[in-house]
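Colleague: mind folding the following:
(4 chains)
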Amino acid sequence: MIDVVYFAWVRERIGLPRETVDTDATTVAGLVAELSAREDRYAMAFSDLSALRVAVDQELTDFDAALDGVREVAFFPPMTGG
Amino acid sequence: MIDVVYFAWVRERIGLPRETVDTDATTVAGLVAELSAREDRYAMAFSDLSALRVAVDQELTDFDAALDGVREVAFFPPMTGG
Amino acid sequence: MSVRVQSDPFDPGAALNGFVSAQANAGAVVSFSGIVRDRPEGGLQHMEIEHYPAMTAGAISAIVDQAVARFGLDDALVIHRHGILKVGEVIMMVATSARHRADAFQGAEFLMDYLKSRAPFWKKEVTGDGASWVAARDVDEAALDRW
Amino acid sequence: MSVRVQSDPFDPGAALNGFVSAQANAGAVVSFSGIVRDRPEGGLQHMEIEHYPAMTAGAISAIVDQAVARFGLDDALVIHRHGILKVGEVIMMVATSARHRADAFQGAEFLMDYLKSRAPFWKKEVTGDGASWVAARDVDEAALDRW
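Modeller: Below is the predicted model:
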């Protein structure tokens, strides 16, 4: 079980800020594929991975990051702080 | 008649902050030569021109600047503001 | 080092004075303040800043630690707001201190470049016509290449 | 644009807040504050800053005008003290504003580099052993080459 959290327009497209996912995926990319297969709103949110960023357990990482022992995965657009 | 003003260690070496000079010099360098010929304290203050800066009528300039119509010449070490 | 993430307004002048008076060795203090501006075409009602609470302070602290190590900073401060901000309000502030000014300037620029693109904040502009997420600018991502 | 040359202390935080609140268009404000520091070997009783009253404000204004034109600054502020200053006192402050942060940072660095070496101030350090004029640093003169 992994907590998946969404921010900004990813949250708006998927329609929820957080969910718990029971997944067999071993990488972030595998998790994205599983989610995208669920419903159109996920497929649309994940349609262009170059427009997305991912953090695993609150650390920025890549889509090929492993999910072993991971508790939280976050998806969001490029950050616009400052 | 030109007002000549001195700052920082130039002022201290020459021993006064300001004087009025009746000069025939046509350039700052000529004025420096006249002053240096007066007394040792001037000669010492002007012994290394690379360690000095000059302003003519409150504008930074070079030692070859002309003195035509000039009212005030200032001599001082490199500035240490900020 | 101090990192503050908050929805409440803050007083940049008071923050600067507190930072300056805490410096025992540094002779140079640089600050940056970011202010909410209307869009060039006008009409901004307010800005909403979303963030990732579980990650934000840690991500900023990691950026601060990098800046301190790299530029030999004596001290650094980051304050960043989230929530609803009106035009003219101060969104965020950075302050750095060092013995010499070049390090304080570079440290502040490094912090700003990384906070822009690596701290988990997202800005949304709300106008009478609706709301839109601010797109990351290529120039901001490119700014990281110089470090 | 505002240039203040004074012997009285000033409040950097109040100056920053005044500057920030006067900005109608700029989203980025950068400030620099210079603080009197003891010498590495200690013993500083106070610093004396001499200046050239007839020239100082004009020389600073000319530097400010250059910075504004070159970096497209919305606004700029310089406050510089002269006279006797103790350790921990703020000697001077610069603030710049621009639409984007890179211009505000560059404008402030440009101002600092030129104020260091082209504004008519001279610092003297007074210790128990006597007094000595602070020598200009080669690195400060060299800093002008980048502009």
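Colleague: mind checking how far the longest helix that chain A contains is from the chain centre?
Modeller: Counting residues, the longest helix found in chain A (DSSP state H) is helix A:28-38. Helix A:28-38 has its C-alpha centroid displaced from the chain centroid by 8 Å (C-alpha atoms, centre = their mean, to the nearest Å).
Colleague: chain C: helices as residue ranges?
Modeller: Counting by DSSP H, the helices of chain C are C:12-21, C:53-71, C:101-118, C:138-143.
Colleague: the third one vs helix C:53-71, what angle?
Modeller: Our comparison of helix C:101-118 with helix C:53-71, counting by axes from the mean of the first three to the mean of the last three C-alpha atoms, to 10 degrees, yields an angle of 150 degrees.
Colleague: show me the one of the helices of chain C that comes nearest residue D:50.
Modeller: helix C:101-118 (21.2 Å; C-beta to C-beta). Quick note: C-beta positions are derived from backbone N, CA and C, even for glycine.
Colleague: which strands and helices sit next to the closest one?
Modeller: strand C:28-35, helix C:53-71, strand C:75-81, strand C:90-98, helix C:138-143, strand D:28-35, helix D:101-118 (3 or more C-beta pairs under 8 Å, 6 or more residues apart in numbering or on different chains; DSSP states H and E).
Colleague: can you lay out the ones you listed as TSV showing mean pLDDT, distance to residue B:5 and mean neighbour count?
Modeller: Below are those laid out as TSV (pLDDT from 0 to 100; distance: least, C-beta to C-beta, whole Å; neighbours: other C-beta atoms under 10 Å in any protein chain shown):
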stretch	mean pLDDT	distance to residue B:5	mean neighbour count
strand C:28-35	98	31	26
helix C:53-71	98	40	18
strand C:75-81	98	41	23
strand C:90-98	98	36	26
helix C:138-143	90	46	14
strand D:28-35	98	26	26
helix D:101-118	97	18	24
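Colleague: so which of these is nearest residue D:7?
Modeller: Evaluated over the helices and strands packed on helix C:101-118, closeness to residue D:7 peaks at strand D:28-35, with 15.7 Å, by C-beta to C-beta.
Colleague: what about that closest one and chain B, touching?
Modeller: Yes - counting by C-beta under 8 Å from any C-beta of the partner chain, chain B has neighbours in strand D:28-35: residue D:34.
Colleague: contact partners for the closest residue to residue C:106 other than its chain neighbours?
Modeller: The spatially closest residue to residue C:106, leaving aside those adjacent along the chain, is residue C:71, at 5.2 Å (C-beta to C-beta, 6 or more residues apart in numbering or on different chains). Each residue near residue C:71 by C-beta atoms under 8 Å, 6 or more residues apart in numbering or on different chains is listed here: C:96, C:98, C:103, C:104, C:106, C:107, C:110.
Colleague: quick revisit: make JSON lines out of the helices of chain C and add distance to residue A:10.
Modeller: Shown next, in JSON lines, are the helices of chain C (distance: least, C-beta to C-beta, whole Å):
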{"stretch": "helix C:12-21", "distance to residue A:10": "32"}
{"stretch": "helix C:53-71", "distance to residue A:10": "15"}
{"stretch": "helix C:101-118", "distance to residue A:10": "17"}
{"stretch": "helix C:138-143", "distance to residue A:10": "18"}
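Colleague: and these: which comes nearest residue D:61?
Modeller: Nearest of the helices of chain C to residue D:61, taken as C-beta to C-beta: helix C:101-118 at 21.2 Å.
Colleague: can you get me a residue count around the closest residue to residue C:45 other than its chain neighbours?
Modeller: Take residue C:45 and drop its neighbours on the chain: the residue closest to it by C-beta to C-beta, 6+ apart is residue C:126, 4.9 Å away. By other C-beta atoms under 10 Å in any protein chain shown, 15 other residues sit near residue C:126.
Colleague: cool, residue C:22 as well?
Modeller: Residue C:22 has 14 neighbours, counted by other C-beta under 10 Å.
Colleague: relative to residue C:68, how far out is the residue nearest to it when sequence neighbours are not counted?
Modeller: Distances taken as C-beta to C-beta, 6+ apart put residue C:75 closest to residue C:22, at 6.7 Å, once the chain neighbours are dropped. Residue C:75 sits 8 Å away from residue C:68, going by C-beta to C-beta, to the nearest Å.
Colleague: so which residue of chain C comes closest to chain D?
Modeller: residue C:13 (3.1 Å; C-beta to the nearest C-beta).
Colleague: one more: chain A?
Modeller: Of the residues in chain A, the one nearest chain D is residue A:82, at a distance of 7.6 Å by C-beta to the nearest C-beta.
Colleague: in which helix or strand does that residue reside?
Modeller: If you go by DSSP states H and E, residue A:82 is not part of any helix or strand.
Colleague: OK, contacts around the residue nearest to residue C:22?
Modeller: By C-beta under 8 Å, 6+ apart, the contact set of residue C:75 is C:1, C:19, C:22, C:23, C:26, C:95, C:96, C:97.
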